[in-house]
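J.: Need a 3D model of the sequence below.
(2 chains)
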Amino acid sequence: MTQSIWRMPRWFHQMGSPKWFYDIAGRLQPWFALATAVLLIWGSVWGLAFAPADYQQGNSFRIMYVHVPAAILAQSVFLGMAVAGAVGIVWKMKVAFMVARSCIGMGASFTLIALITGAIWGKPTWGAYWVWDARLTSTLVLLFLYAGVMALNQAISERQVAGKASAILAIVGTINIPIIKYSVEWWNTLHQTSTFTLTAKPSMPADMYLPLLLMVLGCYCLFALVVMMRTRTQILETQSGSVWLMQHMDIQGAK
Amino acid sequence: MIKFMLTIIHRDLLLLVRQPSEILNPLVFFLLVIALFPLGISPEATLLSKTAAGMIWVAAMLATLLSLELLFKLDHDDGSLEQLLLAPYPSWSLVLAKVFVHWLVSGLPLILISPVIASMLFLPSQAVPVLMLSLLLGTPTLSLLGAIGAALVTGVRGGGILLTLLILPLYVPVLIFGTSSVVAAAQGLAVSGHMALLGAMLVLALMVAPWAAGSALKL
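T.: Modelled structure (predicted):
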């Protein structure tokens, strides 16, 4: 009886089949591409050109529209990668490992963008490119975690083994992320009380945070789009020569 | 299962006793790294006493990592690891036994020698027991977390540097609380909070690491 509670819906298992994923992702892709383009263009034009300047930071705050989405994505991509890896381990789905593998590059790029834009933003506001602030340090450690997963993935040539190994590392890393975050925060308060923080955040008017919301949503769509594209490419690489793919390509070619 | 673990522990210790350089090398490495800091920074007592805790902890981490590389490698290379995994016992019990031996030969000597190092680095004497206690709680965590990395890179070419890349980010919390407990003790502050957190991390690592390393070994 208990087993029926744990039974997953049918679409869940269907997504685990390369054929289904290839089809569904292929159909969803154009819509995500459209959403990404609309959200990112709308959000950045609104944020960069029309949103009011900050009363303290002037126009330099506008880098927020890149920095904040990148920082949010940096963390959620790692979580997504770990979840995909766990799904792959539990239900033995090849596609889940491919999705996790597709996440690595995107996550590392977002982390790097968050760090670089943060440094550029830090110079005019804090007077320094880098301070050993809790958030900065934990983001840097996150970049190292991505580097570890990436290196492990590249060191193991067999895809299935590499996928499982990276999944284990991602899961362990995800357990560790909150611990790192809180320990770094405590460390920071112990040693560095005079660090500049973002605590005195002015309550933003809607004209300032709505573009930000659009940018965050746009980045999520971009991430989903790139993951689908990369996973489809991996399916093409690994399933080349399989019957369904041949037939599928024939249909594509006939259109 | 207890018997299985005891057999592994006995076997690994026997192997190490017959190859004593493997026990001594991490210790010598630890001392060498410690000796480099005053040479590189400054021999001034006030500066050294402030930075002693961090130096000792960083050196302990590097020494642990150095010896972790061989945790599963030798058994993997001669094929005995495969046989041990085929034994009718859960793989985490194998990992736990091997990690215990690793801590016995890498963590414990560091703890025992740490008072000497502490006095060389002018650490205030009231902080020395705290340093030893923090190492006692922290080094098993280092060995446990490191076992995950060692299991993941077993059989991978160039595993040593990869292991460092995988594991050092995970060591950050242990480093922070280990160091800050000693700093707090040197300033005469309470350290029970730090110790509780180090203990909590050890318990968490005991729960997660043997399972993760065990499933990594089976790949």
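
J.: show me the residues around residue 64 that make contact.
T.: In the absence of a named chain, chain A is used. Contacts for A:M64 were tallied using CB atoms under 8 Å, 6 or more residues apart in numbering or on different chains; they are A:G47, A:W121, A:L212. Just so you know, the C-beta spots here come from the backbone N, C-alpha and C atoms, and that holds for glycine as well.

J.: Wait, chain B was what I had in mind.
T.: B:P26, B:S106, B:G107, B:T139, B:L142, B:S143, B:G146.

J.: so the fifth one sits right up against B:A60, yeah?
T.: Same thing as B:L142. Yes - with contact defined as CB atoms under 8 Å, B:L142 and B:A60 form a contacting pair (7.3 Å).

J.: quick one: common contacting residues for those two?
T.: Contacts common to B:L142 and B:A60, judged by CB under 8 Å, 6+ apart, are B:G107.

J.: need the residues of chain A near chain B, please.
T.: Proximity of chain A to chain B is confined to A:89, A:141, A:144-145, A:147-148, A:151-152, A:155-156, A:161, A:164-165, A:168-169, A:171-173, A:175-176, A:179-180, A:183-184, A:186-187, A:190 under the rule CB under 8 Å from any CB of the partner chain.

J.: Narrow those residues to those that are buried.
T.: Neighbour-count burial (16 or more other CB atoms under 10 Å in any protein chain shown) is assigned, among the residues of chain A next to chain B, to A:89, A:141, A:144-145, A:147-148, A:151-152, A:155-156, A:164-165, A:168-169, A:171-173, A:175-176, A:179-180, A:183-184, A:186-187.

J.: Which of those residues fall within helices?
T.: Members of those lying in helices (criterion: DSSP state H): A:89, A:141, A:144-145, A:147-148, A:151-152, A:155, A:164-165, A:168-169, A:171-173, A:175-176, A:179-180, A:183-184, A:186-187.

J.: which secondary structure element contains the residue lying closest to B:L27 once chain neighbours are set aside?
T.: Counting by CB to CB, 6 or more residues apart in numbering or on different chains, B:L27 lies nearest to B:P109, which is 5.1 Å off, once chain neighbours are set aside. Using DSSP states H and E, B:P109 falls within helix B:108-120.

J.: what does stretch A:76-93 rub up against?
T.: A:8, A:13, A:15-16, A:94, A:96-97, A:99-100, A:103-104, A:106-107, A:110, A:142, A:145-146, A:149, A:163-164, A:166-168, A:170-171, A:173-174, A:177, A:220, A:223, B:215.

J.: Mind giving me the PyMOL command for buried ones among those residues?
T.: Provided next is the PyMOL selection string for whichever of these are buried by 16+ other CB under 10 Å:
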select buried, (chain A and resi 15+16+94+96+97+99+100+103+104+106+107+110+142+145+146+149+163+164+166+167+168+170+171+173+174+177+220+223) or (chain B and resi 215)
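
J.: nearest spatial neighbour of the residue nearest the centre of chain A, skipping sequence neighbours?
T.: Nearest to the geometric centre of chain A sits A:V77, at 2.9 Å (CA atoms, centre = their mean). Excluding its sequence neighbours, the residue lying closest to A:V77 (CB to CB, 6+ apart) is A:G107, at 3.5 Å.

J.: from memory that neighbour sits against A:A74, does it?
T.: Yes - using CB under 8 Å, A:G107 makes contact with A:A74 at a distance of 6.3 Å.

J.: Correct me if wrong, but B:L24 is in a helix.
T.: Yes - assessed with DSSP: H, G, I helix; E, B strand; the rest coil, B:L24 lies in a helix.

J.: Look at it and say how many residues are nearby.
T.: B:L24 sits with 11 neighbouring residues when counted by other CB atoms under 10 Å in any protein chain shown.

J.: so what's it scoring on pLDDT?
T.: pLDDT recorded at B:L24 is 86.

J.: Up against chain A, what does chain B have?
T.: B:145, B:148, B:152-153, B:156-159, B:162, B:165-170, B:172-173, B:176-177, B:180, B:183-184, B:197, B:201, B:204, B:208-209, B:212, B:215-216, B:219.

J.: Put the buried members of these into a PyMOL selection.
T.: Command for PyMOL, covering only those of the residues of chain B next to chain A found buried under the criterion 16+ other CB under 10 Å:
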select buried, chain B and resi 145+148+152+153+156+159+162+165+166+167+168+169+170+172+173+176+177+180+183+184+197+201+204+208+209+212+215+216+219
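
J.: Could you list which of the residues of chain B next to chain A belong to helices?
T.: B:145, B:148, B:152-153, B:159, B:162, B:165-167, B:172-173, B:176-177, B:180, B:183-184, B:197, B:201, B:204, B:208-209, B:212, B:215-216.

J.: so B:A127 sits right up against B:G188, yeah?
T.: No - contact criterion CB under 8 Å: B:A127 and B:G188 do not qualify, at 9.2 Å.

J.: which residues touch stretch B:38-57?
T.: B:34, B:37, B:114, B:117-118, B:121-124, B:127, B:131, B:135, B:138, B:175, B:178-179, B:182-183, B:186.

J.: for the stretch 51-200 of chain A, what are the low-confidence residue spans?
T.: Where the stretch 51-200 of chain A drops to pLDDT under 70, the residues are A:188-200.

J.: Could you check how far B:T141 is from chain A?
T.: Distance of B:T141 to chain A, given as CB to the nearest CB, to the nearest Å: 11 Å.

J.: correction: B:L135
T.: B:L135 is 17 Å from chain A, by CB to the nearest CB.

J.: close enough to count as contact, A:L214 and A:I41?
T.: No - using CB under 8 Å as the test, A:L214 is too far from A:I41 to be in contact (9.4 Å).

J.: quick one, which of those two is more surrounded?
T.: A:L214 (22 against 12).

J.: A:A147 and A:G107 touch, don't they?
T.: No - counting by CB under 8 Å, A:A147 does not reach A:G107; the two are 10.7 Å apart.

J.: Report the buried residues of stretch B:109-119.
T.: Those would be B:P109, B:L110, B:I111, B:S114, B:I117, B:A118, for stretch B:109-119 by 16+ other CB under 10 Å.

J.: Could you single out the nearest of those to chain A?
T.: Among the buried residues of stretch B:109-119, B:A118 lies closest to chain A (CB to the nearest CB), at 20.3 Å.

J.: Kindly provide the distance from the residue nearest to A:V77 to chain B.
T.: 14 Å.

J.: ok, that residue - contacts?
T.: A:G107 neighbours (CB under 8 Å, 6+ apart): A:L73, A:A74, A:V77, A:F78, A:M81, A:Y146.

J.: Any chance of the contacts of B:T64 in TSV with neighbour count and distance to B:I2 as columns?
T.: Converted to TSV, the contacts of B:T64 look like this (neighbours: other CB atoms under 10 Å in any protein chain shown; distance: CB to CB, whole Å):
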residue	neighbour count	distance to B:I2
B:P26	23	28
B:S106	27	23
B:G107	25	22
B:T139	25	24
B:L142	30	25
B:S143	25	20
B:G146	31	24
